[in-house]
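K.L.:
Take a look and give me a structure for this.
(chains A, B, C and D)
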2 protein chains.
Amino acid sequence: MKDVAAAAGVALKTVSRVVNEEPGVNPATAERVLSAIERLGYRRNESARVLRRGRTASIGLVIEDVADPFYSGISRAVEDVALRHGSLVLSGSSGEEPRRERELVLTFCSRRVDGLIIVPAGTDHGYLRPELDAGIPAVFADRPGGLDVDTVICDNKGGAHTGVTHLIRHGHRRVAFLGDSASIFTAAERLYGYRRAVEDAGLPVDESLVAMGPPGRAGPALTRMLAGDDPPTAVFTGNGRITVAVLRTGHRLPMVGFDDFELADLLVPGVTVVAQDPARLGRAAAELLFRRIMGGPGAAERIELPTRLIPRGSGELRP
Amino acid sequence: MKDVAAAAGVALKTVSRVVNEEPGVNPATAERVLSAIERLGYRRNESARVLRRGRTASIGLVIEDVADPFYSGISRAVEDVALRHGSLVLSGSSGEEPRRERELVLTFCSRRVDGLIIVPAGTDHGYLRPELDAGIPAVFADRPGGLDVDTVICDNKGGAHTGVTHLIRHGHRRVAFLGDSASIFTAAERLYGYRRAVEDAGLPVDESLVAMGPPGRAGPALTRMLAGDDPPTAVFTGNGRITVAVLRTGHRLPMVGFDDFELADLLVPGVTVVAQDPARLGRAAAELLFRRIMGGPGAAERIELPTRLIPRGSGELRP
DNA sequence: GGGATCGATGACAACGTTGTCAACAGCGGG
DNA sequence: CCCGCTGTTGACAACGTTGTCATCGATCCC
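P.N.:
Okay, here's the model as predicted:
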């Protein structure tokens, strides 16, 4: 900028004015400055600008894994909203490790992001306190983070309840539940919804029909159940990865899965799912965040998005 | 930092030393400083640090769309490599719009990223010249960008050639090609590979069997071909999205698709594909970039990754 | 014609950090 | 006892930008 000023024969401040399109610069002068900028290939140094102004025009996004379509859907939606607000997105994958999440968040904070959107990995988010107190707004997405902070989640219980009830209505009395590790909030909620649905139908909850754990374990778990004395006649899967794992086992059991996925309609039979809307979730979280960044007042909000049952065949099979 | 120094009763510089774990600080003093840091919830201001030191420890990544599994695979791999180098990833989706790509790149540059990985959207990347001259290394991924810059791409021609030849070997003499818009590098290359394969087999290239355009158009195009006088007996699809579009039409034509996708093996018949490895592509690009960032010398490299034919049934059907 | 107003421009400090260099105390060797 | 060395600490400038305030000539109104 100094060089530009020298080349254009004006003061530093005038260049600054031109670059920021501030009013009150003689068009002729501005023209001279612009041509000098062009000639020298000058680019404003954003770090210095941030240092001086305090606002970075960027937000941090911590998800579990960009390569998972559910999270990349969120990611894209957040990016779009950020773009509309002239903001950039710093993002990172926590891989479900609380330590990595914490690391990412702190890195983002020391880069002075204007706000954070976090898919919480662990349960203890106390490390966020100082940041929140320092005035960095945060939004939890997909799962609550245990702090009094804006949160956007799905109706996990309700969705699972709907899906399981759907199977029961089609005549199943023994529905298995295959969920992700019980330590994950969404998995626990969905399990709760499953139990409620079974109870509400007046059926006994049989714990031998429930298996929680990482997706890789779901297939074997189902196989064991089917080999038992009183096997399930249908299965409800707790998320997209588990649904796929079960499909891959080749058991052609009637099923309903949580999470929609591409090609679910092209399999035979089509896979009935309880769909979430990741784009909507991301959008809601980002909009909430920007409202806070712009000084939106009030207590922490908690938005719960609905789910939608999409019948495609696999969930309508009778025992 | 000033406050920390005051609280600990030491000079600014000493706090800086502690924060950066520089040697030559009395352990007792360091302890005092650390406790002050803890007490005040101090976080180093990265902008100021960047301003002072010149290195940002972050790289920029411009892809087409995070929500596309091919690109999110790349994204994840880049993130992992960056993590190993202690670097952060700024990323953005260009949506195949050259203007947006340019905007993103320039934004990244003014934030002084240490380097760029770009999936080029347009053909004119002249706007990058000043940045390159300013010493910001860049790597083009998936497609060349028309500049003399490190580039990592797939063997598009070879992959298409292999896939089409596979169909011909199974007795097809009229193979249709459905590709993405011809202006996209990879689409053009794959078309070229298709033509070569047809010619190499001594068959006539029939332009009425070729349709290029956005994925949404692929289905209707195929339907038109099939309604013609001399319809194709098999189809080669130019990328994952087009493959899915074709599958959705319900025509059960023998086919081979470029790009692997989840569940390709669960459809009936399984979908034979020519697979790329997005993770490997992302990793290669990122490693190349970091080598440059650390001052790796020499002329621009061009890496071409192989593809792999995965037979699953749809490509082995006879006419 | 004189003072007020306005438009254009510049000088300067400050943002929070780190690199450079100097200061100072304590210590051992001659 | 003096010199030089080591270990520890601090003062200060600089990074590139922007906000504040001052300057200066021109214009305008009475």
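K.L.:
What separation is there between the nearest residue to A:Glu97 once chain neighbours are set aside and A:Gly60?
P.N.:
Excluding its sequence neighbours, the residue lying closest to A:Glu97 (Cβ to Cβ, 6 or more residues apart in numbering or on different chains) is A:Ala121, at 6.1 Å. C-beta: built from backbone N, CA, C; applies to glycine. Here A:Ala121 is placed at a distance of 14 Å from A:Gly60 (Cβ to Cβ, to the nearest Å).
K.L.:
The two: which is more packed in?
P.N.:
A:Gly60 (26 against 23; other Cβ atoms under 10 Å in any protein chain shown).
K.L.:
Show me the beta-bridge partners of the more buried one.
P.N.:
A:Leu90, A:Leu116 (DSSP bridges).
K.L.:
my read: it touches A:Val113, true?
P.N.:
Yes. The pair A:Gly60 / A:Val113 is scored as a contact, 4.3 Å apart, by Cβ atoms under 8 Å.
K.L.:
need the helices for the stretch 201-319 of chain A, in chain order.
P.N.:
For the stretch 201-319 of chain A, helices defined by DSSP state H, counting those that start in this stretch occupy the ranges A:215-227, A:240-249, A:278-293.
K.L.:
With respect to DNA strand C, which of these lies nearest?
P.N.:
Shortest distance between DNA strand C and the helices of the stretch 201-319 of chain A, using Cβ to the nearest atom of the strand, is found for helix A:278-293: 18.6 Å.
K.L.:
Could you list the buried residues of that closest one?
P.N.:
Neighbour-count burial for helix A:278-293, with 16 or more other Cβ atoms under 10 Å in any protein chain shown as criterion, is recorded at A:278-293.
K.L.:
Equivalent analysis for stretch A:198-215, please.
P.N.:
A:198, A:209-213, A:215.
K.L.:
quick one: contacts for the closest residue to chain B within the stretch 51-200 of chain A?
P.N.:
Nearest residue of the stretch 51-200 of chain A to chain B: A:Pro130, at 3.5 Å (Cβ to the nearest Cβ). By Cβ atoms under 8 Å, 6 or more residues apart in numbering or on different chains, the residues touching A:Pro130 are B:41, B:43.
K.L.:
10 Å instead, please
P.N.:
A:106, A:109, A:136, B:38, B:40-43 (Cβ atoms under 10 Å, 6 or more residues apart in numbering or on different chains).
K.L.:
how much space is there between whatever residue of the stretch 51-200 of chain A ends up closest to DNA strand D and A:Asn45?
P.N.:
Shortest the stretch 51-200 of chain A-to-DNA strand D distance, computed as Cβ to the nearest atom of the strand: residue-wise this is A:Arg52, at 3.8 Å. Distance of A:Arg52 to A:Asn45, computed by Cβ to Cβ: 10 Å.
K.L.:
Looking at those two now, which is surrounded by more residues?
P.N.:
A:Asn45 (16 against 10).
K.L.:
State the number of residues packed around A:Thr29.
P.N.:
By the measure other Cβ under 10 Å, the count of residues near A:Thr29 is 16.
K.L.:
contacting residues around A:Gln272?
P.N.:
In this structure residue A:272 is Thr, not Gln. Residues in contact with A:Thr272 (Cβ under 10 Å, 6+ apart) are A:163, A:166-167, A:170, A:254-257, A:264, A:309-317.
K.L.:
Surely A:Tyr192 touches A:Asn156?
P.N.:
Yes. The pair A:Tyr192 / A:Asn156 is scored as a contact, 8.1 Å apart, by Cβ atoms under 10 Å.
K.L.:
Chain A against DNA strand C: which residues are in contact?
P.N.:
Residues of chain A lying near DNA strand C by Cβ under 7 Å from any atom of the strand: A:9-14, A:17, A:23-26, A:28-30, A:48, A:51-52.
K.L.:
Which residues of the stretch 201-319 of chain A lie near chain B?
P.N.:
Contacts of the stretch 201-319 of chain A with chain B, taken as Cβ under 10 Å from any Cβ of the partner chain, map to A:240-241, A:244, A:247-248, A:250, A:261-268, A:271, A:278-279, A:282.
K.L.:
Please work out how many residues are found near A:Phe177.
P.N.:
Using other Cβ under 10 Å, A:Phe177 has 24 neighbouring residues.
K.L.:
and chain A, which residues reach DNA strand D?
P.N.:
Checking chain A against DNA strand D by Cβ under 7 Å from any atom of the strand, the hits are A:1-2, A:12-13, A:16, A:19-20, A:44-45, A:48-49, A:51-53.
K.L.:
Can I have the buried ones of those as a PyMOL selection?
P.N.:
Applied in PyMOL, the following selects the buried portion of the residues of chain A next to DNA strand D according to 16+ other Cβ under 10 Å:
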select buried, chain A and resi 1+16+19+44+45+49+51
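K.L.:
Including pLDDT, secondary structure and distance to A:Ala77, could the residues of chain A next to DNA strand D go into TSV?
P.N.:
Compiled in TSV, the residues of chain A next to DNA strand D are given as follows (pLDDT from 0 to 100; DSSP: H, G, I helix; E, B strand; the rest coil; distance: Cβ to Cβ, whole Å):
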residue	pLDDT	secondary structure	distance to A:Ala77
A:Met1	86	coil	36
A:Lys2	89	helix	41
A:Leu12	93	helix	41
A:Lys13	93	helix	40
A:Ser16	94	helix	35
A:Val19	93	helix	32
A:Asn20	92	coil	30
A:Arg44	92	coil	29
A:Asn45	92	coil	31
A:Ala48	94	helix	32
A:Arg49	93	helix	28
A:Leu51	93	helix	31
A:Arg52	93	helix	32
A:Arg53	90	helix	28
